[in-house]
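Asker: Predicted model and sequence below, questions to follow.
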Amino acid sequence: MSKRALITGITGQDGSYLAEHLLDQGYQVWGLCRGQANPRKDRIAKLIPELSFVDGDLMDQGSLVSAVDLVQPDEVYNLGAISFVPMSWQQPELVTEVNGTGVLRMLEAVRMVSGLTKSSGGGPPRGQIRFYQASSSEMYGKVAESPQRETTSFHPRSPYGVAKAFGHYITQNYRESYGMYGVSGILFNHESPRRGAEFVTRKISLAVSQIKLGLMDKLHLGNLDAERDWGFAGDYVRAMHLMLQQEQPGDYVVGTGAMHRVRDAARIAFEHVGLDWQEHVVVDPGLVRPAEVETLCADSGNARRELGWEPEVDFEQLMRMMVESDLRQASRERDYRQLLATGSW
Ligand code: NDP
Ligand code: GDR
């Protein structure tokens, strides 16, 4: 019998890579989708035709219980969130509801369907359903030690980071209170050609492709000195799956251990198409955050030793992969527009 997985956040970057990975491993995969006509659902359904869908919203407890009951999954991956950090200053209450309380709702759905009640303490995990929570390096915020590991204390710098810390602790609490097999992956920034256009790496790769084709000239960025540990999303979903295959549940830090600045991302991307980044990048103080996370770097020693996980794509390869992908897409669109303008089909 093949295993069954339920993924929230299926229309997002990680949802798509994780679904592909699990299907490759022989799983049946369901994606939780919200809204009566979500255009992103059509896109992912075209990309991954083997996927099944179930309705639900992290804001709606009943819908989550119904979804878990219908799918009867072996594994639940809770990736759904409002994931763009600046949005969490604009709508802090909504972000807290989805990214924080939403985790609690998903855990409650798993607990109810599994029939779990209070743990008698200790012993092996109980219940059939294993739960993965998408925790974030944003919980470290103003870092207390570098690189950051599982034991590094949290000092989140945004409502997003605070909500993620709640999700992290409540997952630990369900493990301790109910004996649930629940784990959190503390993932550092990971990117890909499927990354949302609002995040800095994709904003850069999209702009570079447009500038190279003469369709725009300037790229406005905020803090060029912010340092991140950027990896490839396709590598990181392997770690999510491995975490749920361990005998004992545990939380793991996942990152490459290499740090780069925003300005390095811009330089590599522009250089890849033979351009000088300094001629095109404009610093816009309006894009600087109210409380910035200046630097993040992962110590993934535990994930490497205990899960046998290793990243395969480095930062330069990642930026070049994203630029190449956007350049192909932008060239196709330009050719299409030219065809339309000249009428020569
Ligand atoms: P995306 O922003 O690409 O995807 C977010 C997903 O969440 C979308 O599918 C969206 O669906 C869904 N979602 C939003 N609101 C709700 C809701 N109310 N109910 C159900 N689903 C909802 O994020 P990523 O794929 O990049 O990240 C996946 C997870 O990992 C997120 O939780 C993120 O916070 C976390 N994370 C990401 C990192 C990264 O670098 N990518 C690093 C660390 C953690 P819809 O189409 O309906 O809007
Ligand atoms: P982050 O990713 O906030 O780390 O969260 P993002 O790519 O948005 O920012 C990274 C760093 O770049 C700086 N920056 C800019 N960022 C954006 N978006 N746009 C700009 O123009 C710009 N200029 C400079 C930012 O200030 C920041 O320091 C991502 C998300 O995927 C979260 O959901 C996830 O939890 C964390 O990564 C780990």
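Answerer: Yep, it's here. Numbers count the residues shown, from 1 in each chain. Ligands and ions are numbered 1, 2, ... in the order given.

Asker: residues in contact with Ser63?
Answerer: Residues near Ser63 by C-beta atoms under 8 Å, 6 or more residues apart in numbering: Asp55, Gly56, Asp57. To be clear about C-beta, it is placed using only N, CA and C from the backbone, and glycine gets the same treatment.

Asker: Buried subset of these, written for ChimeraX?
Answerer: A single ChimeraX command is used to select the members of these judged buried by 16 or more other C-beta atoms under 10 Å:
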select :56,57
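
Asker: Show me how far stretch 231-250 is from its chain's centre.
Answerer: The chain centroid and the centroid of stretch 231-250 are separated by 13 Å under C-alpha atoms, centre = their mean, to the nearest Å.

Asker: buried stuff in it?
Answerer: 231-244, 249.

Asker: cool, stretch 216-234 as well?
Answerer: 219, 221-223, 226-234.

Asker: Helix, strand or coil: sort out Val253 for me.
Answerer: Using DSSP: H, G, I helix; E, B strand; the rest coil, the structure places Val253 in strand.

Asker: Show me the two of the buried residues of stretch 231-250 that sit farthest apart.
Answerer: Phe232 and Pro249 (25.6 Å; C-beta to C-beta).

Asker: Quick check: chain neighbours aside, which residue is closest to Asp264?
Answerer: Spatial nearest neighbour of Asp264, excluding adjacent residues (C-beta to C-beta, 6 or more residues apart in numbering): Phe315 at 7.8 Å.

Asker: From start to finish, how long is stretch 151-162 in a straight line?
Answerer: 17 Å (C-alpha to C-alpha, to the nearest Å).

Asker: Give me the buried positions along it.
Answerer: Here stretch 151-162 shows Thr152, Phe154, Pro156, Arg157, Ser158, Pro159, Tyr160, Gly161, Val162 as buried, counting by 16+ other C-beta under 10 Å.

Asker: what sits against the fourth one?
Answerer: With contact taken as C-beta under 8 Å, 6+ apart, Arg157 is in contact with Glu138, Gly141, Lys142, Ala291, Glu292, Val293.

Asker: how close does the fourth one get to ligand 1?
Answerer: Ala291 sits 18 Å away from ligand 1 when distances are taken as C-beta to the nearest ligand atom, to the nearest Å.

Asker: That residue against Tyr160, yeah?
Answerer: No: counting by C-beta atoms under 8 Å, Ala291 does not reach Tyr160; the two are 11.0 Å apart.

Asker: can you list the residues of the protein near ligand 2?
Answerer: By the rule C-beta under 6 Å from any ligand atom, the part of the chain lying against ligand 2 is 83, 85, 136-138, 188-189, 198-200, 203, 221-223, 226, 228, 262, 287, 289, 292-293.

Asker: at 8 Å instead, please
Answerer: Contacts of the chain with ligand 2, taken as C-beta under 8 Å from any ligand atom, map to 81, 83-86, 136-138, 158, 160-161, 164, 187-191, 198-203, 220-224, 226, 228, 262, 284, 287-289, 292-294, 296.

Asker: From those, which land in helices?
Answerer: Mapping the residues of the chain next to ligand 2 onto helices (DSSP state H) picks out Tyr160, Gly161, Lys164, Val200, Thr201, Arg202, Lys203, Val262.

Asker: helix, strand or coil for Phe131?
Answerer: Going by three-state DSSP: Phe131 is strand.

Asker: The nearest residue in space to it that is not next to it in sequence - how many residues pack around it?
Answerer: Distance criterion C-beta to C-beta, 6+ apart; nearest residue to Phe131, sequence neighbours excluded, is Gly182 at 4.2 Å. Neighbourhood size, Gly182 [other C-beta atoms under 10 Å]: 30.
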